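Engineer: sequence-free structure coming up:
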């Protein structure tokens, strides 16, 4: 108990909060529930992050530094939520992070949902889109600090829409959605359907104290189709419908993308497809996705890109990663001093196709995570990023840009 309290105090002091008022392993007093089952509360996710770069950190075109070291808030998310005993709940979420003098995100999950045991879950509002499974997993529960290259390029982000989730058939999850109207931050104008199906042929998760090992197999397929809209700004300037596929080098605060398809005007229907795999066996987690996307730019050849990642993690202290309704959660430590996890990921993304020379990137990442109770998490990653892209101008050739990245994060979630 003394060790736990001392560590909690140190971490809370780093975030400027009094630690001694809370027990690390119990729920914090951020919710209120009435005797007849109504509940209202606050959820929060605060992440402070450091990113350090070495090796190739300058732009080949002009020699300017485009990967500077930085440390700042990655996320400061606040959610107000409510639940009723008869199946209705809501969430109002906003990321208040200001980075480099500008809002980093803005509105996040905002929805109203009704859940019926026989009919499933019906939701309307803004929430994450399904293709790119790693992105749909909570930002507080990712194995690595940032999402993989292909997930960044493929996932549509949060959109306004309506969806339905059904888990009434044993071992299966079905998901249907239609997104329309962009997002609440004024971006991503477009609309279209999405679907996902997950099969879990075995899902054994023994309770606390059991000597049995967890054993979960997740197999998923996700698809979406998007029709982008033209946009008009306050000055009356019209931007045609565009598709663009790109990814940061698995470091989340930089604005630099080592590979980028550029804008594909009048792209027609944008199709996205994802194959999902995960196996949890005791302290082992193996997770992988293959993702592909396509567009049909007016007057130009059709464009296709794809990528994949495979990752593995091992909880050194013996706990298993929890799994529920097609998503993976954080380790729940059984020791007062927490749980430790090591991880490895390989990811690849190819944005070259015909006349589009977006580039190709392959990254290796090693990671370590320390879970201290249910509210604190400390993460560190080291990334070997390797990219090849055609540069025009005076260069007119393929150039390799291979930075090395160290990043670390302190997280509080409740």
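Structural biologist: Perfect, I can see it now. Since the model is a prediction, treat every value here as computed from it, not as a measurement. Residues are numbered from 1 along each chain as shown.
Engineer: show me where this structure has helices.
Structural biologist: Taking DSSP state H as the criterion, the chain carries its helices at 2-14, 133-136, 149-154.
Engineer: Ranked by average pLDDT, which of the ones you listed falls at the bottom?
Structural biologist: Out of the helices of the chain, helix 2-14 stands lowest, with a mean of 51 (criterion: mean pLDDT).
Engineer: Nearest residue to the residue nearest the centre of the chain in space, please, no chain neighbours.
Structural biologist: Taking CA atoms, centre = their mean, the centroid of the chain lies closest to residue 135, which sits 3.0 Å from it. Nearest residue to residue 135 in three dimensions, chain neighbours excluded: residue 155, at 4.2 Å (CB to CB, 6 or more residues apart in numbering). For glycine as for every other residue, the C-beta is placed from the backbone atoms N, C-alpha and C.
Engineer: Make sure that neighbour is actually in contact with residue 132.
Structural biologist: Yes: in this structure, residue 155 is within contact of residue 132 by CB atoms under 8 Å, at 3.2 Å.
Engineer: Now do the shared contacts for the two.
Structural biologist: residue 147 (CB atoms under 8 Å, 6 or more residues apart in numbering).
Engineer: Which one's more surrounded, those two?
Structural biologist: Higher neighbour count among residue 155 and residue 132: residue 132, with 27 against 24, using other CB atoms under 10 Å.
Engineer: wait, what's in contact with the more buried one?
Structural biologist: If you count contacts by CB under 8 Å, 6+ apart, residue 132 has them with 147, 150, 151, 154, 155, 156, 222, 272, 274, 289, 291.
Engineer: just the residues you listed now: which is nearest residue 251?
Structural biologist: residue 147 (11.0 Å; CB to CB).
Engineer: coming back round to it: contacts only, for the residue nearest to residue 135.
Structural biologist: By CB under 8 Å, 6+ apart, the contact set of residue 155 is 128, 129, 131, 132, 135, 147.
Engineer: My read is that the last one contacts residue 134, right?
Structural biologist: In other words, residue 147. Yes: counting by CB under 8 Å, residue 147 touches residue 134, with 5.1 Å between them.
Engineer: which one of those two has more residues nearby?
Structural biologist: residue 134 (27 against 24).
Engineer: Go ahead and confirm that one touches residue 151.
Structural biologist: Yes: using CB under 8 Å, residue 134 is in contact with residue 151, at 4.5 Å.
Engineer: list the residues that contact both of these two?
Structural biologist: Common contacts of residue 134 and residue 151 (CB under 8 Å, 6+ apart): 289, 309.
Engineer: pLDDT below threshold where in the protein?
Structural biologist: Within the chain, the stretches with pLDDT under 70 are 1-27, 208-211, 233-234.
Engineer: mind redoing it with 90?
Structural biologist: Low-confidence segments of the chain (pLDDT under 90): 1-29, 100-105, 181-182, 186-190, 206-213, 229-240, 393-394.
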